[in-house]
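J.: Fold the following.
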Amino acid sequence: MMQQPRGLRHPAIWVQAGLVIFLLLGAVLLGYETVALGGGGHAPITYYIRCSYAVEKPATIAAVLAVSFILGHWLWSPRRGVKR
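T.: Alright, predicted model coming up:
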């Protein structure tokens, strides 16, 4: 019987840790956006999206669709092995 490498014994822990980091980053970015929109003297993140859309519409739409597709499949993927 082969033994798994030491770092891959509990892959669910790494997935959960990655999800926690991802959600924490999202919370920090939303906080930054709130402060920026509230007049904190910083440019909000949405300003850069609007700016890129004004310069290159097809590339911005393609990037938004790609990111949405990847995040959607990563966060809401169906459970494997479950028959409906």
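
J.: Who are the packing partners of the helix or strand containing residue 22?
T.: Per DSSP states H and E: residue 22 is located in helix 11-37. Here helix 11-37 touches helix 45-55, going by 3 or more Cβ pairs under 8 Å, 6 or more residues apart in numbering; DSSP states H and E. The C-beta positions use only the backbone N, C-alpha and C, and glycine is treated the same way.

J.: contacts for the helix it packs on?
T.: 29, 32-33, 36, 59-61, 64 (Cβ atoms under 8 Å, 6 or more residues apart in numbering).

J.: Name only those of these that count as buried.
T.: 36, 60 (16 or more other Cβ atoms under 10 Å).

J.: Same list (the contacts of helix 45-55) but as a markdown table, adding pLDDT.
T.: Formatted as a markdown table, the contacts of helix 45-55 follow (pLDDT from 0 to 100):
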| residue | pLDDT |
| --- | --- |
| 29 | 93 |
| 32 | 93 |
| 33 | 92 |
| 36 | 92 |
| 59 | 93 |
| 60 | 89 |
| 61 | 92 |
| 64 | 90 |
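
J.: What does residue 39 show for phi and psi?
T.: The phi and psi values for residue 39, taken as degrees, to the nearest 10, are phi 90, psi 30.

J.: how many neighbours does it have?
T.: 7 (other Cβ atoms under 10 Å).

J.: how near is it to residue 46?
T.: Taking Cβ to Cβ, to the nearest Å as the measure, residue 39 falls 15 Å from residue 46.

J.: remind me which residues of the chain are low pLDDT?
T.: For the chain, the stretches with pLDDT under 70 are 1-9, 77-84.

J.: just to revisit the earlier point, closest one to residue 16 out of the contacts of helix 45-55, please.
T.: residue 29 (20.4 Å; Cβ to Cβ).

J.: Many thanks, we can stop here.
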